[in-house]
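Participant: Here is a sequence with its predicted model. Questions after.
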Amino acid sequence: MPFFRNEEICLLRILFEARGEFVSRQRLAQAGNISQAELDKALSSYVAAGYPFESHPQRGICLKEPPDIWCAEEIIARCPTSREGIAWDPLLLVETASTNDVAREQARKGAAAGFLVAASRQTRGRGRLGRQWESPSGHGLYVSILLRPDLAAAEAGQLTILGSVVMADAVESLSGFRPRIKWPNDLMWKDRKLAGLLIETEREGARLAFAVAGMGINVRHGADDFSPEVKELATSLYLITGQLYRRADLLVALLHAFEKRLGQPFAETREAWAASSLTMGQQVILSTVRGSKQGQALGLDDSGALLLRNHSGQIEAVTAGDMQAV
């Protein structure tokens with residue numbers, strides 16, 4: 001992890017927790033283990049970056065509502081090491097080809113679980129089956145998180161379920177509404193796609209060496225920010241709620257959701273997935289590499305595969321495919 005000054009992390013944590021309220025200079029100085037005279041200098045780089053601090057000689061310092069900017073120190077301050085021992089290590093980029101590619105490269109170099117890379121723009125963002133994921137600058141949250149789960153390779157499907165539930169948790173925490181989950185990896189609002197997930201893994205024998213959870217969530221898109229090809233299929237938090245949320249706030253909500261779900265048995269995550277499922281119990285058609293399958297979507301097995309009851313009553317576990325309701 002890059003070096004970050006502890007006093008700055010402490011100051012940002014307190015000021016974000018009290019966002020919109022003044023915090024005494026004495027309290028801030030004690031928390032950062034610096035003098036009151038050094039407070040303004042400690043925060044000067046964040047002021048220059050656009051974080052709106054207000055200073056008052058008697059009342060102290062207040063962080064007003066920040067614009068849609070972010071920095072690694074903000075993410076670390078708001079997401080300290082969790083009870084599960086996750087130490088988030090953020091790399092925030094203006095632009096990259098694919099955040100998944102960056103995370104995978106760092107994983108091969110030995111990066112620890114909790115490394116994450118987010119970009120304001122991707123030039124070659126991708127979803128499942130090599131499909132393009134539109135990643136216009138400043139509109140969405142495009143982030144990839146490195147995990148090193150203690151899972152057999154055959155259980156990798158659990159991570160897709162985990163990731164989709166975590167995205168739904170984060171959206172609900174930030175906005176108050178909970179999107180539905182379309183198996184295997186999409187968040188939907190009504191009949192439009194809000195977010196997508198791409199899990200990429202590498203093995204060591206029969207176990208997972210690591211997994212990269214790549215997530216794209218449409219945050220600030222207006223209707224004209226989507227290409228003609230997806231304009232009628234996609235939506236965003238702004239189009240749904242009318243609110244222009246900060247991508248940093250969504251990223252923080254996402255990391256807290258990961259911390260919660262990673263500490264739970266998969267059975268609890270599976271229940272949360274079922275409660276948000278778009279097609280649970282319905283007749284569906286699945287397009288898979290082995291052809292089309294039709295039946296009733298019953299739920300998930302212990303590996304995260306979809307259980308499908310066909311017309312003859314047989315139950316089949318399906319690990320991948322594109323789903324449509326009949």
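Facilitator: Yep, it's here.
Participant: where's the residue positioned nearest the centre of the chain relative to Thr123, distance?
Facilitator: Centroid-nearest residue in the chain, with CA atoms, centre = their mean: Leu254, separated by 4.4 Å. Going from Leu254 to Thr123 by CB to CB, to the nearest Å gives 22 Å. C-beta coordinates here come from the backbone N, C-alpha and C atoms, glycine included.
Participant: quick one: the residue nearest to the centre of the chain is in a helix?
Facilitator: Yes. Under DSSP: H, G, I helix; E, B strand; the rest coil, Leu254 falls within a helix.
Participant: just checking, it touches Val143?
Facilitator: Yes. The pair Leu254 / Val143 is scored as a contact, 7.1 Å apart, by CB atoms under 8 Å.
Participant: Quick check: neighbours shared by those two?
Facilitator: Met215 (CB atoms under 8 Å, 6 or more residues apart in numbering).
Participant: Ser276: what's it in contact with?
Facilitator: 165, 168, 178-181.
Participant: got it, and Val171?
Facilitator: 177-179, 187, 194-195, 217, 237, 250, 253.
Participant: backbone phi and psi for it, please?
Facilitator: Note on Val171: its backbone torsions stand at phi -60, psi -40 [degrees, to the nearest 10].
Participant: Show me the contacts of Val171 that map onto helices.
Facilitator: Counting by DSSP state H, these place 237, 250, 253 in helices.
Participant: The first one and Val219 touch, don't they?
Facilitator: Yes. In this structure, Leu237 is within contact of Val219 by CB under 8 Å, at 5.1 Å.
Participant: Need the residues touching each of these two.
Facilitator: 245, 250.
Participant: And the nearest residue in space to Gly304 that is not next to it in sequence, how far from Leu306?
Facilitator: Of all residues not flanking Gly304 in the chain, Gly157 sits nearest, at 3.0 Å (CB to CB, 6 or more residues apart in numbering). For Gly157, the distance to Leu306 (CB to CB) stands at 9 Å.
Participant: what do you get for Gly60?
Facilitator: From Gly60 to Leu306 the distance is 54 Å (CB to CB).
Participant: higher neighbour count, those two?
Facilitator: Leu306 (26 against 21; other CB atoms under 10 Å).
Participant: How about that one, nearest residue that isn't a chain neighbour?
Facilitator: Val318 (4.7 Å).
Participant: same deal with Glu155?
Facilitator: Nearest residue to Glu155, sequence neighbours excluded (CB to CB, 6+ apart): Ser303, at 5.1 Å.
Participant: out of the ones in helices among the contacts of Val171, which one sits closest to Ala18?
Facilitator: Ranked by distance to Ala18 (CB to CB), the ones in helices among the contacts of Val171 are led by Ala253 at 18.2 Å.
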